[in-house]
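J.: Sharing a model that was predicted from the sequence below.
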Amino acid sequence: DAMVIQNPRYQVTQFGKPVTLSCSQTLNHNVMYWYQQKSSQAPKLLFHYYDKDFNNEADTPDNFQSRRPNTSFCFLDIRSPGLGDAAMYLCATSRDRTSAPTDTQYFGPGTRLTVL
Amino acid sequence: AQKVTQAQTEISVVEKEDVTLDCVYETRDTTYYLFWYKQPPSGELVFLIRRNSFDEQNEISGRYSWNFQKSTSSFNFTITASQVVDSAVYFCALSIFSGGYNKLIFGAGTRLAVHP
């Protein structure tokens, strides 16, 4: 089955210790997104890649970076995690980003990050 | 303002009851898309439905049905004969065109608990 996969499902890191979360997709979609979802809140878009074109949301902290080495993989790097970065991180993909219905986003299972 | 309001924070029902989740949106766009996603305890956001602004026909899929009314800017979701497996957080979302691409604006979500 075509899908969006995130690893690991649970990640524990220490305050200030860099951490990388990964996302892969077999849908062959052009667009990959990273969202942050804190407890009892809606997902918040951090950034997205349209092919290799990186698009940062204006309010995404500099502490968050992303890499997309190829169509299938995308990584979220948190350079110096703080306690406030503890959240669920969701990866999503869409075939396109401007032409509905191809911009429907499909989500992975998420990685729950704990910062000690 | 472009936003989505889900006024019901939590709903609790007993199995086999019907339940309606409300969604009210605001947008200045004449062409837009509305979505419903389900987020079970496992964390993955599951796409349920997409509806464009020109299609006001109600839709039914098994026990799920959606009522879209542009006159009241509402896109409500009804689960008939609810089951325990329907327990989840449900997000309504609006797709808006911003910064050169479509992005999702999520409501705050409604947590549905279905008890046996």
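T.: Okay, I see it.

J.: Can you tell me the SS state at residue A:28?
T.: Here residue A:28 is coil, with the state taken from DSSP: H, G, I helix; E, B strand; the rest coil.

J.: any idea how far it lies from residue A:94?
T.: In this view, residue A:28 and residue A:94 are 12 Å apart by C-beta to C-beta, to the nearest Å. Bear in mind the C-beta positions are built from the backbone N, C-alpha and C, glycine included.

J.: Residue A:83 too?
T.: For residue A:83, the distance to residue A:94 - C-beta to C-beta - is 32 Å.

J.: Get me the contact residues on chain B for chain A.
T.: Within chain B, the residues that sit near chain A (C-beta under 8 Å from any C-beta of the partner chain) are B:33, B:35, B:37, B:42-47, B:50, B:52, B:91, B:95, B:97, B:99-104, B:106-109.

J.: quick revisit: residue A:83 and residue A:94 - which one has more neighbours?
T.: residue A:94 (25 against 9; other C-beta atoms under 10 Å in any protein chain shown).

J.: Can you give me the buried ones in the longest strand along chain B?
T.: The residue-count maximum for a strand in chain B (DSSP state E) belongs to strand B:88-98. Neighbour-count burial for strand B:88-98, with 16 or more other C-beta atoms under 10 Å in any protein chain shown as criterion, is recorded at B:88, B:89, B:90, B:91, B:92, B:93, B:94, B:95, B:96, B:97.

J.: hey, what's the fifth one bridged with?
T.: For residue B:92, the beta-bridge partners are residue B:36 (DSSP bridges).

J.: List the contacts of it.
T.: Residue B:92 sits next to B:4, B:6, B:21, B:23, B:25, B:34, B:35, B:36, B:75, B:77, B:106, B:107 when contact means C-beta atoms under 8 Å, 6 or more residues apart in numbering or on different chains.

J.: Got the confidence number for it?
T.: Looking at residue B:92, its pLDDT is 97.

J.: any idea how far residue B:45 is from it?
T.: Distance from residue B:92 to residue B:45, by C-beta to C-beta: 12 Å.

J.: Now do the strands in chain A.
T.: A:4-7, A:10-13, A:19-25, A:31-37, A:44-50, A:53-56, A:64-67, A:73-78, A:87-94, A:106-107, A:111-115.

J.: JSON lines please, covering those and showing mean pLDDT and distance to residue B:15.
T.: Output for these, formatted as JSON lines (pLDDT from 0 to 100; distance: least, C-beta to C-beta, whole Å):
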{"stretch": "strand A:4-7", "mean pLDDT": "94", "distance to residue B:15": "31"}
{"stretch": "strand A:10-13", "mean pLDDT": "96", "distance to residue B:15": "31"}
{"stretch": "strand A:19-25", "mean pLDDT": "97", "distance to residue B:15": "36"}
{"stretch": "strand A:31-37", "mean pLDDT": "96", "distance to residue B:15": "28"}
{"stretch": "strand A:44-50", "mean pLDDT": "93", "distance to residue B:15": "33"}
{"stretch": "strand A:53-56", "mean pLDDT": "92", "distance to residue B:15": "44"}
{"stretch": "strand A:64-67", "mean pLDDT": "96", "distance to residue B:15": "42"}
{"stretch": "strand A:73-78", "mean pLDDT": "97", "distance to residue B:15": "39"}
{"stretch": "strand A:87-94", "mean pLDDT": "96", "distance to residue B:15": "28"}
{"stretch": "strand A:106-107", "mean pLDDT": "94", "distance to residue B:15": "27"}
{"stretch": "strand A:111-115", "mean pLDDT": "96", "distance to residue B:15": "29"}
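
J.: could those strands go into CSV alongside distance to chain B?
T.: Putting the strands of chain A into CSV (distance: least, C-beta to the nearest C-beta, whole Å) gives the following:
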stretch, distance to chain B
strand A:4-7, 9
strand A:10-13, 10
strand A:19-25, 12
strand A:31-37, 8
strand A:44-50, 6
strand A:53-56, 7
strand A:64-67, 16
strand A:73-78, 15
strand A:87-94, 6
strand A:106-107, 4
strand A:111-115, 7
